[in-house]
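*Asks:* No letters, just coordinates:
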Ligand SMILES: N=C(N)NCCCC(=O)O
Ligand SMILES: [Zn+2]
Ligand SMILES: [Zn+2]
């Protein structure tokens with residue numbers, strides 16, 4: 001049986017009908033999903049502008065124009081694999097601890113039959129339970145973290161579970177492979193030099209936004225690939241890695257970021273690694289204009305799905 005693809009846009013115009021990611025079938029319309037795009041409308045962990053809870057709905061709307069063939073990766077992801085929209089994982093907006101537990105359980109349940117997840121947030125808090133779920137299946141994972149921020153801070157207002165702390169917690173929990181951790185696109189003022197020292201102590205390598213500019217995409221990709229090797233890899237994309245010109249719709253914007261072209265080019269350089277899961281987070285549509293950020297996020301999600309579609313064992 002061929003995989004069920006998106007709605008035929010020559011019969012039903014793209015702008016008509018329910019918004020699922022890329023107009024793909026819902027998870028209950030297929031017997032087995034190889035790859036699922038799933039939303040997590042949660043933003044109770046933010047430190048500045050709220051609104052990422054509306055990210056999944058905005059990505060679905062902005063993804064209506066995505067087409068079924070990826071020329072740069074030479075793959076038709078929805079033919080190669082059964083890709084679905086798994087809807088949203090509903091979590092408690094008033095209790096971060098409970099939300100994290102629920103999300104971990106639901107992600108584990110979705111993954112149980114070998115389905116690989118591309119999760120659309122939601123704020124960056126959600127990366128922690130998603131990493132826990134990935135590590136449960138694959139052991140400690142290599143992490144490629146695209147973000148203006150380190151997100152390895154210890155606490156905010158004494159609270160350990162926030163969108164600025166997921167990778168500190170993940171590191172403490174032993175679910176990251178500390179020999180292959182990279183931040184990409186880092187920039188902006190910090191609280192102090194100690195932020196960098198502590199981050200380095202956790203094992204992270206940093207490719208700043210300026211490094212990407214100076215070294216270019218090809219050298220950046222080479223260095224990242226060498227570090228990752230054949231380890232199980234989780235990719236976390238905070239959309240604020242992009243310059244506010246490319247992603248105004250986000251909660252903690254920082255000037256001097258990457259272009260969406262650079263980000264997509266780097267992602268395309270990641271083919272034939274052992275990608276086990278990914279997320280795109282921190283899209284806050286209320287600050288967006290003309291869907292600039294939502295379109296960027298939906299293309300990032302499409303590229304991540306395409307990378308998973310190329311995986312031999314996914
Ligand atoms: N956007 C994310 N994930 N984190 C930003 C935290 C930066 C801060 O409030 O100091
Ligand atoms: Zn960030
Ligand atoms: Zn972040």
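*Replies:* Perfect, I can see it now. For clarity, every value in this text was computed on a predicted model and none was experimentally measured. Ligands and ions are numbered 1, 2, ... in the order given.
*Asks:* Residue 205: how many residues sit nearby?
*Replies:* 14 (other CB atoms under 10 Å). Every residue, glycine included, has its C-beta placed from N, CA and C.
*Asks:* surely it meets residue 182?
*Replies:* Yes - counting by CB atoms under 8 Å, residue 205 does reach residue 182; the two are 4.9 Å apart.
*Asks:* shared neighbours of those two, which are they?
*Replies:* residue 227 (CB atoms under 8 Å, 6 or more residues apart in numbering).
*Asks:* For the stretch 1-150 of the chain, which segments are assigned as helices?
*Replies:* 55-62, 77-80, 96-111, 127-138 (DSSP state H, counting those that start in this stretch).
*Asks:* Please work out which of those helices is packed deepest.
*Replies:* Of all these, helix 55-62 has the most neighbours on average by mean count of other CB atoms under 10 Å, namely a mean of 25.
*Asks:* residues in the stretch 151-300 of the chain within reach of ligand 3, list them.
*Replies:* 151, 238 (CB under 5 Å from the ion).
*Asks:* those helices in the stretch 151-300 of the chain, which residues are they?
*Replies:* Secondary structure of the stretch 151-300 of the chain (DSSP H, counting those that start in this stretch): helices located at 166-172, 193-201, 209-228, 260-268, 292-310.
*Asks:* which one of these is the most hemmed in?
*Replies:* Of those, helix 292-310 is the most buried (mean count of other CB under 10 Å), at a mean of 25.
*Asks:* so which of the helices of the stretch 151-300 of the chain comes closest to residue 62?
*Replies:* Residue 62 lies closest to helix 292-310 among the helices of the stretch 151-300 of the chain, at 3.7 Å (CB to CB).
*Asks:* now residue 285, nearest residue through space, not along the chain?
*Replies:* Nearest residue to residue 285 in three dimensions, chain neighbours excluded: residue 58, at 3.9 Å (CB to CB, 6 or more residues apart in numbering).
*Asks:* Now do the contacts for the one you found.
*Replies:* Residues near residue 58 by CB under 8 Å, 6+ apart: 249, 283, 285, 288, 291, 294, 297.
*Asks:* Spit out the contact partners of the closest residue to the first one other than its chain neighbours.
*Replies:* Distances taken as CB to CB, 6+ apart put residue 288 closest to residue 249, at 2.9 Å, once the chain neighbours are dropped. Residues counted as contacts of residue 288 (CB under 8 Å, 6+ apart) are 58, 248, 249, 294.
*Asks:* Those: which ones sit near ligand 2?
*Replies:* Okay, of the contacts of residue 288, nothing touches ligand 2 (CB under 5 Å from the ion).
*Asks:* where does the stretch 1-150 of the chain dip in pLDDT?
*Replies:* Applying pLDDT under 70 to the stretch 1-150 of the chain flags no residue at all.
*Asks:* And the residue of it that's closest to ligand 3?
*Replies:* In the stretch 1-150 of the chain, the residue that lies nearest ligand 3 is residue 124 (3.6 Å; CB to the ion).
*Asks:* In the beta-sheet assignment, what are the partners of the residue positioned nearest the centre of the chain?
*Replies:* Central residue of the chain (CA atoms, centre = their mean): residue 279, 2.0 Å from the mean position. With DSSP bridges as the criterion, residue 279 is bridged to residue 119, residue 236.
*Asks:* you'd agree it is up against residue 120?
*Replies:* Yes - counting by CB under 8 Å, residue 120 is a contact partner of residue 279 at 7.3 Å.
*Asks:* from the contacts of residue 58, which is closest to ligand 2?
*Replies:* residue 283 (11.3 Å).
*Asks:* That closest one - how many residues pack around it?
*Replies:* Close neighbours of residue 283, defined as other CB under 10 Å, add up to 33.
*Asks:* For the closest residue to it other than its chain neighbours, give me its contacts.
*Replies:* If the residues on either side of it in the chain are set aside, residue 283 comes closest to residue 55, at 3.9 Å by CB to CB, 6+ apart. By CB under 8 Å, 6+ apart, residue 55 lies in contact with 39, 41, 43, 120, 121, 122, 281, 282, 283, 284, 285, 297.
*Asks:* one more time with 10 Å
*Replies:* By CB atoms under 10 Å, 6 or more residues apart in numbering, residue 55 lies in contact with 39-43, 120-123, 239, 249-251, 280-285, 288, 293-294, 297.
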